[in-house]
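Student: model this:
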Amino acid sequence: MPLEMQTYLQKTWRTIEQRVPGTRFNFAFWEECQPRRSTYPACRAVISARNQGAQFEGPMILVIQHAYYLHARNPSDDDTLIDLADEMGLDRERFANELHSRETRNALMEEITLGQRMGAHGFPSLVLESGGAYQVLPYDYLDPRVVLKQLT
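Tutor: Predicted coordinates:
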């Protein structure tokens, strides 16, 4: 990850801490880890966890976020992702094998294509699907009325 991107992301973390009450980041990540700007490994990890049961998708997303933002563990590293899966009680060997499998890579590309078709070009995005049509909704982390107003 270029130094300029690292600086930008650290500034973004500080802004979020100031604007969203109770939100904290572990800035040790920037000293202890080798930052890389690819979410593909983490996305493949979520798919690999889901392959062991739909109930593991949400928890895998959460442990990846905690590892990255709170525990200075790099979710771009296979070892980190495999350890997280193991800590969740997933089948470590199966998870490791599926992390880079053709099937997992294809599933990720299908999900990326769906996100693009929905109009989700930034992350996070909030998209409303109604009758097969997609609408990207503006949101405000501090004011749920922004979304509720659009839904009524």
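
Student: how about the secondary structure of Glu129?
Tutor: For Glu129, the assignment made with DSSP: H, G, I helix; E, B strand; the rest coil gives strand.

Student: what's the neighbour count on it?
Tutor: 9 (other C-beta atoms under 10 Å). Yep, even glycine has a C-beta here, placed from its N, CA and C like the rest.

Student: and it, how far from Pro21?
Tutor: From Glu129 across to Pro21, the span is 31 Å (C-beta to C-beta, to the nearest Å).

Student: any idea how this structure splits into domains?
Tutor: Structural domains annotated on the chain: 3-118, 122-152, as defined by automatic domain parsing.

Student: looking at those domains, which has the lowest confidence?
Tutor: With a mean of 91, domain 122-152 has the lowest mean pLDDT of the domains of the chain.

Student: can you give me the end-to-end span of that domain?
Tutor: Domain 122-152 has an end-to-end distance of 24 Å (C-alpha to C-alpha, to the nearest Å).

Student: one more: stretch 68-79?
Tutor: Note: stretch 68-79 ends 13 Å apart using C-alpha to C-alpha.

Student: so which bits of that stretch are buried?
Tutor: The neighbour-count check on stretch 68-79 (16 or more other C-beta atoms under 10 Å) flags 68-69, 72-76 as buried.

Student: among those, which one lies nearest to Asn51?
Tutor: Using C-beta to C-beta, Pro75 comes nearest to Asn51 of these, at 18.0 Å.

Student: ranges for the strands of the chain?
Tutor: For the chain, the strands defined by DSSP state E occupy 127-130, 133-136.

Student: how far does the last one sit from the chain's center?
Tutor: Spelled out, that is strand 133-136. In this view, strand 133-136 has its centroid 21 Å away from the chain centroid, taken as C-alpha atoms, centre = their mean, to the nearest Å.

Student: same deal with the first one?
Tutor: How far strand 127-130 lies from its chain's middle: 20 Å, per C-alpha atoms, centre = their mean.

Student: show me what that strand is packed against.
Tutor: Counting contacts by 3 or more C-beta pairs under 8 Å, 6 or more residues apart in numbering; DSSP states H and E, strand 127-130 packs against strand 133-136.
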